[in-house]
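Engineer: quick one, structure for this:
(one chain, ligands or ions: 2)
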Amino acid sequence: MKNIRVHLKERSYPIIIGNNSSLGIGALCRKLNIGKDAIIITNSLLKKKFLPKITSSLKQNNFSIKTLLVPDSEKAKSSHYCLSLIEKISRYDKKKQPFIIALGGGVIGDLAGFVASIYKRGIPIVQVPTTFLGQIDSAIGGKTAIDLAIAKNLVGAFYQPKAVIVDLNFLKTLPQRQIRTGLAEVIKYGIIKDKKLFYFLKNNYKKILKLNPQAVNFIVTRCVKIKARIIEVDEREKKGIRTILNFGHTVGHAIESACGYNKFTHGEAISVGMLCASEIAANLNMLKKKDQNQIQKLIELYKLPTTIRKTLINKIMNSLLRDKKFIKSKPRFVLPVSIGKVIVKSDISVQLIRGAIKKYSY
Ligand SMILES: NC(=O)c1ccc[n+]([C@@H]2O[C@H](COP(=O)([O-])OP(=O)(O)OC[C@H]3O[C@@H](n4cnc5c(N)ncnc54)[C@H](O)[C@@H]3O)[C@@H](O)[C@H]2O)c1
Ligand SMILES: [Zn+2]
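Structural biologist: Ligands and ions are numbered 1, 2, ... in the order given. Now for the predicted structure:
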């Protein structure tokens with residue numbers, strides 16, 4: 001079992017990584033002293049798969065347990081389900097000391113995190129991510145959000161969890177598509193910060209796609225450490241350091257909202273986004289062709305998408321220009337300059353962005 005601590009003064013918390021680490025959730029919550037009544041937010045699929053493991057550990061430690069279900073899709077990250085959860089929690093909460101456990105992927109983590117941040121101006125939350133993407137990215141760092149029709153993640157808060165429990169055994173039941181979507185974020189970490197990880201992904205892709213335990217442990221630990229260290233120096237994305245985690249996300253988010261959240265998974269959308277950002281960097285002579293090709297090859301190796309339909313370009317451009325990451329509507333991009341290094345550059349011309357998206361369309 002590994003314990004990686006995110007150092008944020010009074011908001012510091014542990015990330016516990018291991019096979020079956022979720023069996024220790026009851027003891028951990030007791031030690032953290034975060035309340036007596038556990039409210040588990042999950043969906044019906046994950047309830048069947050993993051809830052017994054969690055509840056037996058909580059019961060052994062004398063917690064009361066209430067399980068609340070949300071639909072299994074991005075639809076759950078909405079104001080409707082957010083308020084409906086709050087209503088249910090408030091009915092259950094009479095004379096209790098509630099805390100939330102988010103058992104699920106990024107959708108449940110983001111939604112439950114936002115609920116925890118606003119209910120009674122904040123109650124404790126423990127994140128138990130069950131997807132690859134959740135374990136290496138979304139459950140760590142305290143970004144919580146729900147979507148509006150106009151754009152993804154438009155309403156949210158920075159709200160750190162009290163702990164993150166990464167149980168690598170959960171990954172065994174993940175469909176291949178979800179494994180690949182998480183791997184898109186892993187590729188992102190390699191490009192922005194970790195050359196060694198990038199080449200590990202390149203040289204071990206067969207093992208990784210089969211979820212070889214040592215390989216998975218290596219990847220997850222490496223990504224968690226990178227994210228933890230970034231959060232520690234720029235928790236609220238004020239210093240332009242956390243911004244680098246958005247590599248591939250500017251175009252990626254625009255693809256997700258233009259195509260509907262169900263057509264592309266998050267990781268699939270950012271794969272195309274990473275290619276577009278690399279193309280912009282290459283056109284600005286900031287990234288060597290050789291490195292651009294390596295990035296493209298790695299994305300192809302993991303059979304992640306590399307193109308979108310031409311007919312979507314206008315829609316993607318429209319939602320991109322509304323992006324909250326743009327400062328005073330000046331397009332700002334995270335651009336790779338070599339494998340393992342990126343910079344943040346503003347004032348990228350709209351023409352250049354359109355050209356890059358066009359290159360990766362069919
Ligand atoms: N907060 C952040 O910093 C951050 C970062 C990246 C992404 N996100 C958000 O995360 C969301 C995407 O998250 P995701 O990719 O985890 O998708 P998801 O939460 O929708 O989960 C994907 C699917 O896998 C299923 N699933 C989950 N765990 C499983 C398991 N162990 N076995 C079998 N099936 C399982 C889920 O029920 C779901 O159908 C997006 O909304 C995105 O905006 C947030
Ligand atoms: Zn992401």
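
Engineer: show me what contacts the residue in the stretch 251-362 of the chain positioned nearest to ligand 1?
Structural biologist: With C-beta to the nearest ligand atom, the shortest gap between the stretch 251-362 of the chain and ligand 1 falls at His266, namely 4.4 Å. Bear in mind the C-beta positions are built from the backbone N, C-alpha and C, glycine included. Contact analysis of His266 by C-beta atoms under 8 Å, 6 or more residues apart in numbering lists 106, 133, 181, 184, 252, 256.

Engineer: now narrow these to whatever sits close to ligand 1.
Structural biologist: Intersecting the contacts of His266 with the surroundings of ligand 1, defined as C-beta under 6 Å from any ligand atom, gives 106, 133, 181.

Engineer: can I get those residues in a markdown table with neighbour count?
Structural biologist: Putting those into a markdown table (neighbours: other C-beta atoms under 10 Å) gives the following:
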| residue | neighbour count |
| --- | --- |
| Gly106 | 26 |
| Leu133 | 27 |
| Thr181 | 26 |
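
Engineer: secondary structure added to those, as a markdown table?
Structural biologist: Formatted as a markdown table, the ones next to ligand 1 among the contacts of His266 follow (DSSP: H, G, I helix; E, B strand; the rest coil):
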| residue | secondary structure |
| --- | --- |
| Gly106 | helix |
| Leu133 | helix |
| Thr181 | helix |
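
Engineer: let me know the closest of these to Leu171.
Structural biologist: Closest to Leu171 out of those is Leu133 (10.7 Å), distances taken as C-beta to C-beta.

Engineer: tell me the pLDDT of the residue of the stretch 151-300 of the chain found nearest ligand 1.
Structural biologist: Residue of the stretch 151-300 of the chain nearest ligand 1, by C-beta to the nearest ligand atom: Thr173 (3.7 Å). Thr173 carries a pLDDT value of 97.

Engineer: find the centremost residue of the chain, please.
Structural biologist: The centroid of the chain falls nearest to Ser138 when counting by C-alpha atoms, centre = their mean (2.7 Å).

Engineer: buried residues in stretch 88-101, which are they?
Structural biologist: For stretch 88-101, a neighbour-count test (16 or more other C-beta atoms under 10 Å) marks 88-89, 93, 98-101 as buried.

Engineer: out of those residues, which are inside strands?
Structural biologist: Secondary structure from DSSP state E places 98-101 of the buried residues of stretch 88-101 in strands.

Engineer: what is the neighbour count of Pro213?
Structural biologist: By other C-beta atoms under 10 Å, 13 other residues sit near Pro213.

Engineer: follow-up on the earlier one: mind putting the buried residues of stretch 88-101 into JSON lines with distance to Glu235 and pLDDT?
Structural biologist: Below are the buried residues of stretch 88-101 laid out as JSON lines (distance: C-beta to C-beta, whole Å; pLDDT from 0 to 100):
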{"residue": "Lys88", "distance to Glu235": "30", "pLDDT": "97"}
{"residue": "Ile89", "distance to Glu235": "26", "pLDDT": "97"}
{"residue": "Asp93", "distance to Glu235": "28", "pLDDT": "88"}
{"residue": "Pro98", "distance to Glu235": "25", "pLDDT": "96"}
{"residue": "Phe99", "distance to Glu235": "21", "pLDDT": "98"}
{"residue": "Ile100", "distance to Glu235": "20", "pLDDT": "98"}
{"residue": "Ile101", "distance to Glu235": "23", "pLDDT": "98"}
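
Engineer: now the residue of the stretch 151-300 of the chain closest to ligand 1, nearest residue through space, not along the chain?
Structural biologist: For Thr173, ignoring the flanking residues on the chain, the nearest one in space by C-beta to C-beta, 6 or more residues apart in numbering is Lys49 at 6.0 Å.

Engineer: now that neighbour: which helix or strand?
Structural biologist: Counting by DSSP states H and E, the element that carries Lys49 is helix 44-60.

Engineer: distance from that helix to the middle of the chain?
Structural biologist: Distance of helix 44-60 from its chain centroid, counting by C-alpha atoms, centre = their mean, to the nearest Å, is 23 Å.

Engineer: return that helix as PDB; C-alpha atoms alone will do.
Structural biologist: Only the C-alpha atoms of helix 44-60 are listed here, as PDB (Å, rounded to 0.1, in the frame of the first residue of the first chain):
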ATOM      1  CA  SER A  44     -26.600   1.100  -9.700                       C
ATOM      2  CA  LEU A  45     -23.900  -0.600 -11.700                       C
ATOM      3  CA  LEU A  46     -21.200   0.200  -9.200                       C
ATOM      4  CA  LYS A  47     -23.500  -0.400  -6.300                       C
ATOM      5  CA  LYS A  48     -23.700  -4.100  -7.400                       C
ATOM      6  CA  LYS A  49     -20.000  -4.400  -8.100                       C
ATOM      7  CA  PHE A  50     -18.300  -2.600  -5.300                       C
ATOM      8  CA  LEU A  51     -20.700  -1.500  -2.600                       C
ATOM      9  CA  PRO A  52     -20.500  -4.600  -0.300                       C
ATOM     10  CA  LYS A  53     -16.700  -4.200   0.000                       C
ATOM     11  CA  ILE A  54     -17.100  -0.600   1.200                       C
ATOM     12  CA  THR A  55     -20.100  -1.100   3.400                       C
ATOM     13  CA  SER A  56     -18.700  -4.100   5.300                       C
ATOM     14  CA  SER A  57     -15.600  -2.000   6.200                       C
ATOM     15  CA  LEU A  58     -17.800   0.900   7.300                       C
ATOM     16  CA  LYS A  59     -20.100  -1.300   9.300                       C
ATOM     17  CA  GLN A  60     -17.200  -2.900  11.100                       C
END
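
Engineer: which residues does it contact?
Structural biologist: 22-27, 29, 38, 40, 42, 65, 67, 69, 72, 101, 103-104, 108, 128, 130, 170, 173.
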